[in-house]
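Trainee: Next come a sequence and a model predicted from it.
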Amino acid sequence: MTTRRLLRLQAVVSLGFAVVDGLIPELSGAWFGLALDRVGTFLARSFAAGFLGFGILCFSASRRGDPQLQHDVVSSLLIADSAALLVALAAQVSGLMNALGWLIVTVWLVLVAGCVYVRFVRPQDG
């Protein structure tokens, strides 16, 4: 995997979460066994706005030829994705989500693995 491909994958995932959580948070929550009240819907839509920003940032960074910029963005994503993985795993293990919650854990795990690979295994890749 190249850095550009990882950043584009990150962009697609972020924009996907942004659209789904921004437009249909109650339905997307129900898919994972989560019942959202008004506060939960507000928080989901707030996170969707953040995902929109991450998606645009990742897509923009993927188009830039500056390896240092891409390196810095991947380093930041490694921290953010690792935190998201831990939160999703804790929610899944505690029984907060249904079995489909493992999909969210897997998505974050794949993104963390991609960041580790691009950042530490093939750091010279652009």
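Mentor: Thanks, I have the structure now.
Trainee: Against Ala80, how distant is Leu109?
Mentor: Summarising the geometry, the distance separating Leu109 from Ala80, computed by CB to CB, to the nearest Å, is 14 Å. Where C-beta positions appear, they are placed from N, C-alpha and C, glycine not excepted.
Trainee: Please apply the same query to Asn98.
Mentor: Separation of Asn98 from Ala80 (CB to CB): 25 Å.
Trainee: More neighbours: which of those two?
Mentor: With neighbours defined as other CB atoms under 10 Å, Asn98 and Ala80 compare such that Ala80 has more, 17 against 13.
Trainee: so what's that one closest to, chain neighbours aside?
Mentor: Take Ala80 and drop its neighbours on the chain: the residue closest to it by CB to CB, 6 or more residues apart in numbering is Phe54, 7.6 Å away.
Trainee: Figure out the helix or strand that the residue nearest the centre of the chain lives in.
Mentor: When the chain is reduced to its mean C-alpha position, the closest residue under CA atoms, centre = their mean turns out to be Ser14, at 5.2 Å. Here Ser14 sits within helix 3-23, counting by DSSP states H and E.
Trainee: Pull out the buried residues from that helix.
Mentor: Using 16 or more other CB atoms under 10 Å as the burial criterion, the residues of helix 3-23 that qualify are 3-4, 6-11, 13-15, 17-18, 20-22.
Trainee: nearest to Gly29, of those?
Mentor: Comparing the buried residues of helix 3-23 against Gly29 with CB to CB places Asp21 closest, at 8.6 Å.
Trainee: what about the closest one, distance to Gly50?
Mentor: Following CB to CB, the distance that separates Asp21 from Gly50 is 10 Å.
Trainee: And for Trp108?
Mentor: With the distance defined as CB to CB, Trp108 ends up 15 Å from Gly50.
Trainee: One more: Gln70?
Mentor: From Gln70 over to Gly50 (counting by CB to CB), the distance is 21 Å.
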